[in-house]
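In: Fold the following for me, if possible:
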Amino acid sequence: MKKTLYSIIILGSLTLASCSSKEKQEPISNKTDSAILVTIATPTSNSGNGLSLSGQVEAGQTVQISTRVMGYITYLKVKPGDRVSKGQLLVSISNEDILAKRAQADAMIAEAEAAVKNAKKDEDRFNALYKQQSASAKELDNINLQYSSAKARLDAAKQMRNEVSAMLAYTNLTAPFSGMVSQKMAEAGSMASPGMPILTIEEGGAFQISATVPENLISQVHQGVETNISIKAIAKNIKGTVVQINQSSQFTGGQYLIKIRLSSADQQGLYSGMYANVFIPIKTTITSNNTATAIMVPVSAITYKNQLAGLYTVSSNNTALLRWVRLGKTTGNMVEVLTGLQKEESYISSAEGKLFNGAPVKTK
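Out: Numbering: from 1, shown residues only. Below is the predicted model of the structure:
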């Protein structure tokens, strides 16, 4: 009886130990499964011989197609992404009322031409009578005045017809250049109003880079300087030339807009809207407050809490570790780290989840 009791107690103890072991192991497995995927990067250096900016690919020419008349859209078959050629009909607007006005103008022209023809005959007749002294100078003056008035009415009728023809031209809208439809703001059957955008056309095969420069660095950028451009979306490195510098930052929040021209060969594979990293060599040395080489990290990697700025690093236990840093100047999409991060020290540049101190992480 005692042996049987001891056997039951030993068996129960083993069962509890086994269950306890399983319960302790499960959180470890869950911890591994819930690890946040992160991307690790090291700071880039700005040695003072160039300026890094963020830019965007855009079409060399963009126009919005609109009309000056009000009416229902009767024809609109293009859609975003469609290629169009110069002179191609894009939009037609109902024009019955304008056609009626043109018919009225044609009738007025016909009437005015008949009046001019008749006044001309009277003028010729009275000129002959005046030479024969059969008509007075006063009568001749009246006939000349009638002839001039008839010609003026004919000119007015022709100008009215020109005005109607100009309005009629706005009922059939064509492509001003060959390109691509990037936006469609109306559909066939809807009402078009004067000035209302209907389509947006971007010039095809002529791309440029648009970038912004901070006000404290704009004096170091000049037209004609060659730039190095990196487009990560297609893993392409190309060169460009600064061709335009906006002299005002009133509507761009203290950032000055510049345009960079690309060669035809370098435009292959580009799409409007792609983001680009632009590097502009400059002669003036840019230095941080403490060192001659600035430590630069993406602005997107910085996290803010109250008045403090920080970024996440990876601890030896593969967990996220928040590191408080002091920031310097911002250049494009990069910001200078003055203290809190070493030049060769890695940090988390992006994460596929919300990071916090101690969160388990796993590198891609």
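
In: Let's verify residue 219: helix, strand, or coil?
Out: Under DSSP: H, G, I helix; E, B strand; the rest coil, the three-state class of residue 219 is helix.

In: Quickly note the distance from it to residue 128.
Out: 81 Å (CB to CB, to the nearest Å). C-beta coordinates here come from the backbone N, C-alpha and C atoms, glycine included.

In: The longest helix seen in the chain - contacts with which helices or strands?
Out: The longest helix of the chain (DSSP state H) is helix 96-131. Applying 3 or more CB pairs under 8 Å, 6 or more residues apart in numbering; DSSP states H and E, one finds that helix 96-131 contacts helix 137-169.

In: Helix or strand with the lowest mean pLDDT in this protein?
Out: helix 2-33 (a mean of 47; mean pLDDT, DSSP states H and E).

In: After it, which helix or strand is next? Please name it.
Out: Counting by DSSP states H and E, the next helix or strand C-terminal to helix 2-33 is strand 36-41.

In: Flag the shaky bits of the stretch 101-250 of the chain, pLDDT-wise.
Out: 205 (pLDDT under 70).

In: Try it again at 50.
Out: Regions of the stretch 101-250 of the chain meeting the criterion pLDDT under 50 are absent.

In: Measure how far the longest helix of the chain is from the centre of its chain, please.
Out: 55 Å (CA atoms, centre = their mean, to the nearest Å).

In: Renumber starting at 28 from here on
Out: Sure, I'll start counting at 28 from here, so that last one is helix 123-158.

In: what's the angle from it to helix 164-196?
Out: 160 degrees (axes from the mean of the first three to the mean of the last three CA atoms, to 10 degrees).

In: ok, residue 79 to residue 387 distance?
Out: Taking CB to CB, one finds residue 79 at 33 Å from residue 387.

In: next one: residue 85
Out: 42 Å.

In: Residue 326 now?
Out: 26 Å.

In: How about residue 116?
Out: The separation that residue 116 has from residue 387, given CB to CB, amounts to 61 Å.

In: Repeat that for residue 191.
Out: Taking CB to CB, one finds residue 191 at 75 Å from residue 387.

In: out of the two, which sits in the busier spot?
Out: Under the criterion of other CB atoms under 10 Å, the comparison of residue 191 against residue 387 puts residue 191 first, with 19 against 15.

In: my read: the more buried one touches residue 122, true?
Out: No: Residue 191 is not in contact with residue 122 according to CB atoms under 8 Å; the separation is 10.2 Å.

In: Pull the number of nearby residues for the closest residue to residue 274 other than its chain neighbours.
Out: Sequence neighbours aside, residue 283 is the residue nearest to residue 274 in space, at 7.7 Å (criterion: CB to CB, 6 or more residues apart in numbering). As a burial measure, residue 283 scores 19 neighbours (other CB under 10 Å).

In: close enough to count as contact, residue 283 and residue 271?
Out: No: using CB under 8 Å as the test, residue 283 is too far from residue 271 to be in contact (10.7 Å).

In: Can you give the contact residues for stretch 353-364?
Out: Contact partners of stretch 353-364, identified using CB atoms under 8 Å, 6 or more residues apart in numbering, comprise 70-71, 73, 78-81, 238-239, 241, 243-244, 304-305, 315-316, 321-327, 329, 336, 338, 352, 365-367.
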